[in-house]
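**Q** I would like the atomic coordinates for the input below:
(chains A and B)
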Amino acid sequence: MQRDVPTLPAAPEAVPAPASRRQQIRQGFRDSFSAGLGIFPLGIALGLLILQAGLPWWLTPALSLAAFAGSLELLLVGMMAAVTPLAAIALTVLVVNFRHVFYAFSFPLHLVRHPVGKAYAVYAMIDEAYAVNASLPEAERSGPRLLALQIACETYWVGGGLVGVALGAALPAPVEGLEFALCALFTVLTLDAFRSRREVPSVLLAGASVAVALVLTPGLAMFTALLLFVALLLARHAVTARRPAQEAAGA
Amino acid sequence: MPSTSYLVAVLAIVFGITLALRALPFAVLGRLRGSAMVRQLAVWMPVGILVILAVTALHGTMATDRHGAGYALLAVAVTVGVHLAFGRRTVLSVGIGTALYVVLLNTL
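**A** Numbering: from 1, shown residues only, chains lettered A, B, ... in the order given. Next up, the predicted model:
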């Protein structure tokens, strides 16, 4: 089974050595379980929705592989069923997925060494992968762990879609409310990230941004909130940069 | 039903734009790697982005099912409570919170 490991078990982990590659991959899969609780049911919902909209079943896996962005795909089903002009679809994709631009600032792509791995990590940089990784302490992150998480998430997503397609004919009405798992996941990850780095100002600025965004542009709340948040952080940087740069030292 | 060529065109557009949005910032940031501002933002952004994701996801849930809005708030509170009380086991917290919301929404 294991090729480059001697027949005898390796020395027992008496010394807390850094996690081996195999352990890192296992950690990544374990990370993925909580995200999977949200992703898998949502995938089922997508499969059901596509069939109900009268679209061909193969569109479910094709869309999941092409976009790999849950909320967007659910949105696109209705638009495709109505044969919305391609320009309008392009604009929707641009606005809904624009948030990924901001992830690049703190997504630990440098941990992934191999070019193919890097390319996959960028392609599969979904909200859940970003969020789960952001809640980990910096020392526990690693390339194999990140990739294992992303591959597992895509498997849940495509797998869920296929299950949804299969259920589509049999099930009269899907269970409602499963999408709450996503909301619970992000709440929990916020708590974890808040503990590992005491970023009270960031939380307050983000809270203010999202509150303003929900009032001003409820339909585009996430987009507006992220823009506002980045603007506020830039202002904060301009203010703190004048003082001696001590704060930057904190993790 | 939309033609297959239309669907394939949609797939190509979705793939191209999504990948570009994910990849282009890395290409630009590579040149700004040493910038103090970029490093500062990398430290400050994650928690805030998570707050924004959590709030907008909650808002989305409350908006799609108006009669479940109160249940959603209750389920978030329970999720937080379980997470802090039972040793931050994410699968447990998310599982209990979601189960509570689904049961409340479908039975009451």
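**Q** quick one: is the helix or strand where A:L91 lies near chain B?
**A** Using DSSP states H and E, A:L91 maps to helix A:86-96. Yes: using Cβ under 8 Å from any Cβ of the partner chain as the criterion, contacts between helix A:86-96 and chain B involve A:L86, A:I89, A:A90, A:V93, A:L94. For the C-beta atoms, the positions are set from N, CA and C on the backbone; glycine is no exception.
**Q** Mind checking which of those residues are buried?
**A** Among these, those classed as buried by 16 or more other Cβ atoms under 10 Å in any protein chain shown are A:I89, A:V93.
**Q** Dump the residues of helix A:86-96 next to chain B into a markdown table; add pLDDT as well.
**A** A markdown table is the format used below for those (pLDDT from 0 to 100):
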| residue | pLDDT |
| --- | --- |
| A:L86 | 89 |
| A:I89 | 83 |
| A:A90 | 87 |
| A:V93 | 84 |
| A:L94 | 82 |
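**Q** check contacts around the residue lying closest to A:D127 once chain neighbours are set aside.
**A** Distance criterion Cβ to Cβ, 6 or more residues apart in numbering or on different chains; nearest residue to A:D127, sequence neighbours excluded, is B:L53 at 6.0 Å. Neighbour list for B:L53: A:D127, A:A131, A:F186, A:T190, A:M222 [criterion: Cβ atoms under 8 Å, 6 or more residues apart in numbering or on different chains].
**Q** Could you export those as JSON lines, including pLDDT?
**A** What follows is those, written out as JSON lines (pLDDT from 0 to 100):
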{"residue": "A:D127", "pLDDT": "85"}
{"residue": "A:A131", "pLDDT": "87"}
{"residue": "A:F186", "pLDDT": "84"}
{"residue": "A:T190", "pLDDT": "88"}
{"residue": "A:M222", "pLDDT": "78"}
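**Q** now, the most widely separated pair of those?
**A** The span of the contacts of B:L53, defined through Cβ to Cβ, is set by A:T190 and A:M222 at 14.5 Å.
**Q** now, among the residues of helix A:86-96 next to chain B, which is nearest to B:V78?
**A** Nearest to B:V78 among these, with distances taken as Cβ to Cβ, is A:V93, at 35.2 Å.
**Q** Help me confirm that that closest one comes into contact with B:I13.
**A** Yes: judged on Cβ atoms under 8 Å, A:V93 makes contact with B:I13 at a distance of 6.5 Å.
**Q** Name the helix or strand for A:A221, please.
**A** A:A221 belongs to helix A:221-242 when assigned by DSSP H and E.
**Q** now B:V94
**A** Element membership for B:V94 (DSSP H and E) is helix B:90-107.
**Q** and that helix, how far out from the chain's middle?
**A** 17 Å (Cα atoms, centre = their mean, to the nearest Å).
**Q** Any residue of that helix touching chain A?
**A** Yes: contact between helix B:90-107 and chain A, assessed by Cβ under 8 Å from any Cβ, occurs at B:T90, B:V91, B:S93, B:V94, B:G95, B:G97, B:T98, B:Y101, B:V102, B:L105, B:N106.
**Q** Next secondary structure element downstream of the worst-scoring helix or strand of chain B on mean pLDDT?
**A** One helix or strand of chain B scores below all others by mean pLDDT, DSSP states H and E: helix B:36-64, with a mean of 84. Per DSSP H and E, helix B:36-64 leads on to helix B:69-85 as the next helix or strand towards the C-terminus.
**Q** Show me which positions of that next one end up buried.
**A** Applying 16+ other Cβ under 10 Å to helix B:69-85 flags B:Y71, B:A72, B:A75, B:V76, B:V78, B:T79, B:V80, B:V82, B:H83 as buried.
**Q** now for it, which elements pack on it?
**A** With contacts taken as 3 or more Cβ pairs under 8 Å, 6 or more residues apart in numbering or on different chains; DSSP states H and E, helix B:69-85 sits against helix A:180-196, helix B:36-64, helix B:90-107.
**Q** avg pLDDT for that helix?
**A** The predicted model gives helix B:69-85 an average pLDDT of 95.
**Q** Which parts of chain A are helices?
**A** All helices of chain A, identified by DSSP state H, fall at A:21-52, A:59-67, A:70-81, A:86-96, A:100-103, A:115-123, A:127-134, A:143-170, A:180-196, A:200-216, A:221-242.
**Q** out of those helices, which comes closest to B:D65?
**A** B:D65 lies closest, by Cβ to Cβ, to one member of the helices of chain A: helix A:180-196, at 9.4 Å.
**Q** Pull out the buried positions in that closest one.
**A** Neighbour-count burial for helix A:180-196 [16+ other Cβ under 10 Å]: A:180-194, A:196.
**Q** same question, stretch A:81-88
**A** Neighbour-count burial for stretch A:81-88 [16+ other Cβ under 10 Å]: A:A81, A:T84.
**Q** Span of it from start to end?
**A** Length of stretch A:81-88, first residue to last, Cα to Cα, to the nearest Å: 14 Å.
**Q** do stretch B:59-73 as well
**A** With Cα to Cα applied, stretch B:59-73 spans 10 Å between its terminal residues.
**Q** Give me the neighbour count for the residue of the stretch 151-251 of chain A found nearest chain B.
**A** For the stretch 151-251 of chain A, the residue closest to chain B is A:A206, as judged by Cβ to the nearest Cβ, at 3.3 Å. A:A206 has 29 neighbours, counted by other Cβ atoms under 10 Å in any protein chain shown.
**Q** and the gap between it and B:A54?
**A** From A:A206 across to B:A54, the span is 10 Å (Cβ to Cβ, to the nearest Å).
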